[in-house]
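[1] This is a predicted model, with the sequence first.
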Amino acid sequence: MKKILIVNSIYYKEISNNLVLNSKKRLLDVKFKVSILNIPGSFEIPIAIRKNINKFDGFIALGCVIKGQTPHFDLLCSSLFNSILNLSVKFNKPIGNGVITALNLNQAKQRSKKNKSKKPNKGSEAANAVISILKNEPKKD
(Lines give C-alpha, C1' and ligand atoms only; values in the text may rest on other atoms or scores of the structure.)
Protein backbone atom coordinates (compact mmCIF):
# COMPACT_ATOMS: atom_id res chain seq x y z
CA MET A 1 0.00 0.00 0.00
CA LYS A 2 1.41 3.39 -1.01
CA LYS A 3 1.83 5.93 1.79
CA ILE A 4 1.17 9.60 1.05
CA LEU A 5 1.77 12.64 3.25
CA ILE A 6 -0.43 15.66 2.71
CA VAL A 7 1.50 18.74 3.85
CA ASN A 8 -1.14 21.38 4.51
CA SER A 9 -0.42 25.07 5.06
CA ILE A 10 -3.18 26.37 7.34
CA TYR A 11 -2.57 30.10 6.82
CA TYR A 12 -5.89 30.29 4.95
CA LYS A 13 -7.74 27.48 6.77
CA GLU A 14 -11.02 27.76 4.86
CA ILE A 15 -9.16 27.33 1.58
CA SER A 16 -6.76 24.60 2.67
CA ASN A 17 -9.38 22.52 4.47
CA ASN A 18 -11.36 22.16 1.23
CA LEU A 19 -8.17 21.15 -0.58
CA VAL A 20 -7.37 18.53 2.06
CA LEU A 21 -10.86 17.03 1.95
CA ASN A 22 -10.78 16.55 -1.82
CA SER A 23 -7.17 15.38 -1.93
CA LYS A 24 -7.67 12.87 0.88
CA LYS A 25 -10.88 11.51 -0.66
CA ARG A 26 -9.18 10.95 -4.00
CA LEU A 27 -6.21 9.16 -2.39
CA LEU A 28 -8.45 6.93 -0.29
CA ASP A 29 -10.46 6.05 -3.41
CA VAL A 30 -7.36 4.29 -4.77
CA LYS A 31 -6.54 2.67 -1.41
CA PHE A 32 -3.51 4.78 -0.54
CA LYS A 33 -2.66 5.31 3.13
CA VAL A 34 -2.93 9.01 3.95
CA SER A 35 -1.29 11.06 6.70
CA ILE A 36 -1.76 14.80 7.14
CA LEU A 37 0.75 17.29 8.52
CA ASN A 38 -0.56 20.80 9.21
CA ILE A 39 2.01 23.58 9.12
CA PRO A 40 1.73 27.37 9.64
CA GLY A 41 2.46 28.65 6.14
CA SER A 42 3.38 27.71 2.59
CA PHE A 43 7.06 28.59 3.02
CA GLU A 44 7.40 25.67 5.44
CA ILE A 45 6.12 23.08 2.93
CA PRO A 46 9.53 22.14 1.45
CA ILE A 47 11.22 21.54 4.81
CA ALA A 48 8.24 19.54 6.06
CA ILE A 49 8.47 17.32 2.98
CA ARG A 50 12.27 17.02 3.27
CA LYS A 51 12.05 15.91 6.90
CA ASN A 52 9.66 13.13 5.88
CA ILE A 53 11.09 12.22 2.47
CA ASN A 54 12.14 8.67 3.44
CA LYS A 55 8.90 7.81 5.26
CA PHE A 56 6.43 8.19 2.37
CA ASP A 57 6.04 7.17 -1.26
CA GLY A 58 4.65 10.54 -2.32
CA PHE A 59 3.51 13.91 -1.10
CA ILE A 60 0.75 16.45 -1.67
CA ALA A 61 1.60 20.11 -1.02
CA LEU A 62 -1.51 22.15 -0.20
CA GLY A 63 -2.02 25.77 0.74
CA CYS A 64 -2.80 29.19 -0.57
CA VAL A 65 -0.78 32.31 -1.32
CA ILE A 66 -2.67 35.52 -2.14
CA LYS A 67 -0.99 38.48 -3.79
CA GLY A 68 -0.62 41.56 -1.65
CA GLN A 69 0.92 44.99 -2.18
CA THR A 70 4.56 43.89 -1.92
CA PRO A 71 6.88 41.58 -3.91
CA HIS A 72 6.54 38.93 -1.18
CA PHE A 73 4.01 36.94 -3.26
CA ASP A 74 6.31 36.61 -6.28
CA LEU A 75 9.35 35.70 -4.19
CA LEU A 76 7.49 33.19 -2.04
CA CYS A 77 5.73 31.44 -4.93
CA SER A 78 8.88 31.18 -7.02
CA SER A 79 10.95 29.82 -4.12
CA LEU A 80 8.20 27.44 -3.04
CA PHE A 81 7.55 25.93 -6.46
CA ASN A 82 11.26 25.59 -7.27
CA SER A 83 11.90 23.89 -3.92
CA ILE A 84 9.03 21.44 -4.44
CA LEU A 85 10.27 20.57 -7.92
CA ASN A 86 13.87 20.18 -6.73
CA LEU A 87 12.83 17.84 -3.89
CA SER A 88 10.77 15.71 -6.26
CA VAL A 89 13.60 15.31 -8.76
CA LYS A 90 16.40 14.91 -6.20
CA PHE A 91 14.64 12.20 -4.20
CA ASN A 92 12.65 10.63 -7.05
CA LYS A 93 9.36 11.11 -5.20
CA PRO A 94 6.16 12.50 -6.71
CA ILE A 95 4.96 15.72 -5.09
CA GLY A 96 1.55 16.96 -6.19
CA ASN A 97 1.49 20.74 -6.03
CA GLY A 98 -1.93 21.93 -4.90
CA VAL A 99 -0.79 25.29 -3.57
CA ILE A 100 -3.20 27.90 -4.91
CA THR A 101 -1.71 31.18 -6.06
CA ALA A 102 -4.37 33.85 -6.45
CA LEU A 103 -4.73 37.58 -6.87
CA ASN A 104 -7.52 37.74 -4.28
CA LEU A 105 -9.51 35.65 -1.82
CA ASN A 106 -12.42 35.15 -4.23
CA GLN A 107 -10.12 33.53 -6.82
CA ALA A 108 -8.69 31.24 -4.14
CA LYS A 109 -12.17 30.19 -3.00
CA GLN A 110 -13.15 29.33 -6.58
CA ARG A 111 -10.09 27.10 -6.98
CA SER A 112 -10.71 25.34 -3.67
CA LYS A 113 -14.45 24.74 -3.97
CA LYS A 114 -15.78 21.52 -2.52
CA ASN A 115 -16.25 18.83 -5.11
CA LYS A 116 -20.07 18.87 -5.34
CA SER A 117 -20.15 19.17 -9.12
CA LYS A 118 -17.58 16.37 -9.57
CA LYS A 119 -15.22 18.96 -11.03
CA PRO A 120 -11.85 18.53 -9.30
CA ASN A 121 -10.42 21.30 -7.18
CA LYS A 122 -6.68 21.90 -6.84
CA GLY A 123 -6.46 19.37 -4.00
CA SER A 124 -7.82 16.48 -6.02
CA GLU A 125 -5.80 17.59 -9.06
CA ALA A 126 -2.62 17.36 -6.97
CA ALA A 127 -3.67 13.92 -5.74
CA ASN A 128 -4.36 12.79 -9.31
CA ALA A 129 -0.83 13.79 -10.32
CA VAL A 130 0.73 11.67 -7.56
CA ILE A 131 -1.62 8.75 -8.24
CA SER A 132 -0.72 8.85 -11.92
CA ILE A 133 3.01 8.63 -11.21
CA LEU A 134 2.76 5.92 -8.55
CA LYS A 135 0.24 3.76 -10.43
CA ASN A 136 2.21 3.92 -13.68
CA GLU A 137 5.57 2.80 -12.33
CA PRO A 138 7.28 0.11 -14.42
CA LYS A 139 6.86 -3.40 -13.04
CA LYS A 140 9.98 -4.99 -11.54
CA ASP A 141 11.08 -8.36 -12.94
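    Sure thing, it's come through. Numbers count the residues shown, from 1 in each chain.
[2] Mind giving me the packing neighbours of whichever helix in the chain runs longest?
    Longest helix of the chain, by residue count under DSSP state H: helix 72-91. Helices and strands touching helix 72-91, by 3 or more CB pairs under 8 Å, 6 or more residues apart in numbering; DSSP states H and E, are helix 45-51, strand 58-66, strand 95-102. In short, each C-beta sits where N, CA and C put it, glycine included.
[3] Go through the ones you listed and name the closest to residue 8.
    Across the helices and strands packed on helix 72-91, residue 8 has its closest neighbour in strand 58-66 (4.8 Å, CB to CB).
[4] still on that earlier bit, make a markdown table from the helices and strands packed on helix 72-91 and add mean pLDDT, mean neighbour count and distance to residue 124 to it.
    Output for these, formatted as a markdown table (pLDDT from 0 to 100; neighbours: other CB atoms under 10 Å; distance: least, CB to CB, whole Å):
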| stretch | mean pLDDT | mean neighbour count | distance to residue 124 |
| --- | --- | --- | --- |
| helix 45-51 | 98 | 18 | 18 |
| strand 58-66 | 97 | 26 | 10 |
| strand 95-102 | 96 | 24 | 8 |
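[5] Can I get those in JSON lines including distance to residue 121?
    Converted to JSON lines, the helices and strands packed on helix 72-91 look like this (distance: least, CB to CB, whole Å):
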{"stretch": "helix 45-51", "distance to residue 121": "18"}
{"stretch": "strand 58-66", "distance to residue 121": "10"}
{"stretch": "strand 95-102", "distance to residue 121": "8"}
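[6] out of these, which comes closest to residue 24?
    Nearest of these to residue 24, taken as CB to CB: strand 58-66 at 8.7 Å.
[7] Point to the residue nearest the middle of this structure.
    residue 61 (2.3 Å; CA atoms, centre = their mean).
[8] I'd assumed residue 31 was in a strand, is it?
    No: under the criterion used here (DSSP: H, G, I helix; E, B strand; the rest coil), residue 31 is coil, not part of a strand.
[9] Could you report the separation of residue 94 from residue 134?
    6 Å (CB to CB, to the nearest Å).
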